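> Below is the sequence, then the predicted model.
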Protein chains: 2
Amino acid sequence: MVKFSAKTGVMNKPIQARTLKTRAKLIDAAKAVVATSGYEGLRVEEVVQRAGVAKGTFFAHFRDKDALMDQLLGAEMDGIFDALDAAPVPDTPEAMADALAPLITFMTSERYVFDVILRYSGAAGVTEIGPIARTFERQFRLFAKWTAQRSDLPPELLAEGIQAFLIQAMSLQFCALHASSQAQDRLVTYLRAWLR
Amino acid sequence: MVKFSAKTGVMNKPIQARTLKTRAKLIDAAKAVVATSGYEGLRVEEVVQRAGVAKGTFFAHFRDKDALMDQLLGAEMDGIFDALDAAPVPDTPEAMADALAPLITFMTSERYVFDVILRYSGAAGVTEIGPIARTFERQFRLFAKWTAQRSDLPPELLAEGIQAFLIQAMSLQFCALHASSQAQDRLVTYLRAWLR
DNA sequence: ATCAAAAATTGACCATGGTCAATATATAAT
DNA sequence: ATTATATATTGACCATGGTCAATTTTTGAT
């Protein structure tokens, strides 16, 4: 017998309660490991030990280690975008950069975090769109909303530009030659030019 | 006794002829592997077998597998920039995107290649600037040259913008939702807006 | 030519992500 | 309640990048 899944909206296999519990144990254990060792320091072995399951179980729940990261990082970013969606639309480059400060802080908290997010920001296939890719769609819609009242250029184009400059500003954060100025300040410079 | 190195310009250990030969064998073997298996398919084990050396020797010459990729990809991109530097300055967004076609083709030839290049595009420390990071400096100088005669915005800012849009255009190439249009076309759209 | 110090090489070994056939558990039909 | 089928779990095992103490080779001084 096949049941309807409210979560995915398609007909698929019913999910056992046991599955949900194991999955929750793994996620909780992973968060605990991240809290003490950071994202880069996470080891699958430690996660399964804390969760009290075998290693194979981990990979029955997540395609690979990156898929777990996708979940963890995506959830964290979703929280940030929840706040951004609720806040008023910033009307100046400075206000925009200020609003984006939490996102910048999180995405640049670890080089590893930044790399994983970039790697998963676009989905290779429609079926494999993950949490991180979805936050980039949210980001795009948010920036389009921020630029909706402008008439010189389409908001979609302006939004993609802001996305590009945001990545650029954060990338240079990790670059020794540009470490002098902060990502937020660089972003203001970019946005002043892009949105003038 | 310590000798002067013409290559690095600083006083350091003399390099044995044997070292250069082994290094060349490793690089040649790596190129052969890439030719048949692609960059993502490269295995260190296969490289050392082809080169006829032990695995430990590989890591005496390269910090890790990524360092080899840095050399290989950096060399390839340097060739592309040699051609770009020699060519006349393009004066329209279309001409710019045309000129960048070889770079786009190479950087998006494999998802793995794109990811490695992005990861090494900025150096974490001044001492560890590698071949890929250097090509990004070349890219920056090239774009600054392309925009040098403009007076509305500093060429350095315009150059960083072009860099940002180039990455953005290529990123969307790998994204299922935007696969419809080509990276080069997207770049033209971006540059028309950025350089108007 | 000999020898001591420095440099390069070796390969057994380790760390860690990932696989899969076997087993255990849950579900649904009778 | 029993049984058959589907699902979840297990852990030994594999793949591959990376380490390092021991060994070999090169170098420079005598």
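Cool, got the structure.
> use CA for all of it now, contacts and neighbours both
Fine.
> From residue A:122, how far off is residue A:130?
Separation of residue A:130 from residue A:122 (C-alpha to C-alpha, to the nearest Å) stands at 9 Å.
> Looking at the two, which one has more neighbours?
Under the criterion of other C-alpha atoms under 10 Å in any protein chain shown, the comparison of residue A:130 against residue A:122 puts residue A:122 first, with 25 against 17.
> what residues are up against the residue lying closest to that one once chain neighbours are set aside?
Of all residues not flanking residue A:122 in the chain, residue B:175 sits nearest, at 4.5 Å (C-alpha to C-alpha, 6 or more residues apart in numbering or on different chains). By C-alpha atoms under 8 Å, 6 or more residues apart in numbering or on different chains, the contact list for residue B:175 reads A:122-125.
> mind running it again at 10 Å?
A:120-126, A:129, A:133 (C-alpha atoms under 10 Å, 6 or more residues apart in numbering or on different chains).
> and what of residue A:192?
Taking C-alpha under 10 Å, 6+ apart as the definition of contact, the neighbours of residue A:192 are A:92-94.
> Give the buried subset of those as a PyMOL selection command.
Command for PyMOL, covering only those of the contacts of residue A:192 found buried under the criterion 16 or more other C-alpha atoms under 10 Å in any protein chain shown:
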select buried, chain A and resi 93+94
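> what's the closest of the contacts of residue A:192 to residue A:164?
In terms of C-alpha to C-alpha, no member of these lies closer to residue A:164 than residue A:93, at 14.7 Å.
> From DNA strand C, how far off is that closest one?
With the distance defined as C-alpha to the nearest atom of the strand, to the nearest Å, residue A:93 ends up 40 Å from DNA strand C.
> Tell me the spacing between the closest residue to DNA strand D within chain A and residue A:28.
In chain A, no residue comes nearer to DNA strand D than residue A:56, which is 2.8 Å away by C-alpha to the nearest atom of the strand. Between residue A:56 and residue A:28 the distance, using C-alpha to C-alpha, works out to 17 Å.
> The two: which is more packed in?
When residue A:56 and residue A:28 are compared for neighbours, residue A:28 comes out ahead with 15 against 9, by other C-alpha under 10 Å.
> wait, what's in contact with that one?
If you count contacts by C-alpha under 10 Å, 6+ apart, residue A:28 has them with A:22, A:34, A:47, A:50-51.
> Thank you kindly, that will do.
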